[in-house]
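Peer 1: what's the 3D shape of this:
(one chain, ligands or ions: 2)
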Amino acid sequence: MNMFNKIRLKSEEEIEIIQKSSLLVGKTLAEVAKYIKPGVPLTYLDRIAETFIRDNGGVPSFKGYNGYPASLCISVDDVVVHGIPDNSILKDGDIVSVDCGAYLNGYHGDYAYTFAVGNVSEEKKLLMDRTKESLYRGINAAVAGNTTGDIGHAVQTYCESFGYGVVRELCGHGIGRNMHEKPDVCNYGKPGKGDLLREGMVICIEPMITLGSRKIYCERDEWTIRTLDHKPAAHYEHQLAITKNGPRVLSTYKLIGEVLGTEEKL
Ligand code: MF3
Ligand code: CO
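Peer 2: Residues are numbered from 1 along each chain as shown. Ligands and ions are numbered 1, 2, ... in the order given. Below is the predicted model of the structure:
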């Protein structure tokens, strides 16, 4: 699909530019966070995001990507990822992954956060917290000299220790001038296997974790990915560069945290 089948390393200057694209995503997600409440239609959230990205000089990365029709992926409860915003409304107790991409100055930002709508069950809260923690464990493994398998292994072992399912059909990815570049960054794996991580790589790590079985299916719209058992799933994504000083996270949840009133580590 993409012309960059080789891993493309980025210069420090490029990494600075990518961080700006990522910041636009962060600001957009924080804007969307203000409207995550019971009764809000998904299309409304998508409109907020598209307007915000364009008002800030960017272009929504997802819109038109392989024919994708919207600016956000909004994935509610048993939708794992790639939910297309429609006229359905958020309900109290839902969990919703909002995934956003912004193209600015020739580079893409792309990351995601799972929100609670109103009051969610303890079971869902734990699923969200542990999925986010698995992302942080994956990030800690994203060190030059390690491999993509080390990242996957860190995510997988943590999540499976709680009996959760780790989705395997979809992975994280490299990112830069294209939204999806090499390498694939899967959420399962064996230490030392996969692609070697090198200074200058920019990647997205995005665990997709299910409360029940890891089995999924794709709906007839050819986008929406759901759990086969219809149990909920959580999805978080951060974007980072591999540097000689370790992982440099280019994305941030801090702006979202300011809206939600939560303490965010990254
Ligand atoms: N953030 C998603 C990913 O990392 C991209 C959504 S696919 C799109 O793969 F088609 F909606 F753009
Ligand atoms: Co991504």
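
Peer 1: Can you list the residue ranges for strands in the stretch 1-150 of the chain?
Peer 2: Counting by DSSP state E, counting those that start in this stretch, the segments of the stretch 1-150 of the chain that form strands are 59-60, 72-76, 79-81, 95-104, 107-116.

Peer 1: Quick one: closest of those strands to residue 187.
Peer 2: Nearest to residue 187 among the strands of the stretch 1-150 of the chain is strand 79-81; the distance by CB to CB comes to 11.5 Å. Yep, even glycine has a C-beta here, placed from its N, CA and C like the rest.

Peer 1: any idea how far ligand 2 is from the residue positioned nearest the centre of the chain?
Peer 2: For the chain, the residue sitting closest to the mean C-alpha position, by CA atoms, centre = their mean, is residue 237 at 2.7 Å. Distance, residue 237 to ligand 2, by CB to the ion, to the nearest Å: 5 Å.

Peer 1: same deal with residue 89?
Peer 2: Relative to ligand 2, residue 89 is positioned 26 Å away (criterion: CB to the ion).

Peer 1: Test my guess that that residue contacts residue 37.
Peer 2: No - with contact defined as CB atoms under 8 Å, residue 89 does not count as touching residue 37 (9.7 Å).

Peer 1: can I get the strands of the stretch 1-150 of the chain in CSV with mean pLDDT?
Peer 2: Below are the strands of the stretch 1-150 of the chain laid out as CSV (pLDDT from 0 to 100):
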stretch, mean pLDDT
strand 59-60, 98
strand 72-76, 99
strand 79-81, 98
strand 95-104, 98
strand 107-116, 98
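
Peer 1: for this structure, what spans make up the helices?
Peer 2: For the chain, the helices identified by DSSP state H occupy 12-33, 42-55, 122-140, 148-160, 254-260, in order along the chain.

Peer 1: Double-check residue 50 against residue 63; I have them as touching.
Peer 2: Yes - using CB under 8 Å, residue 50 makes contact with residue 63 at a distance of 7.2 Å.

Peer 1: near ligand 2, which residues of the stretch 101-250 of the chain show up?
Peer 2: Neighbours of ligand 2 within the stretch 101-250 of the chain, by CB under 5 Å from the ion: 110, 204.

Peer 1: Recalculate using a threshold of 6 Å.
Peer 2: Residues of the stretch 101-250 of the chain found near ligand 2, taking CB under 6 Å from the ion as the criterion, are 110, 173, 204, 206, 237.

Peer 1: okay if I get those residues as TSV plus distance to residue 81?
Peer 2: TSV is the format used below for those (distance: CB to CB, whole Å):
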residue	distance to residue 81
110	12
173	13
204	12
206	8
237	9
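
Peer 1: Mind picking the two most distant members of these?
Peer 2: Looking at those by CB to CB, the two members farthest from one another are 173 and 237, with 9.9 Å of separation.

Peer 1: overlap in contacts of those two?
Peer 2: Contact criterion CB atoms under 8 Å, 6 or more residues apart in numbering; residues bridging residue 173 and residue 237 by contacting each: residue 204.
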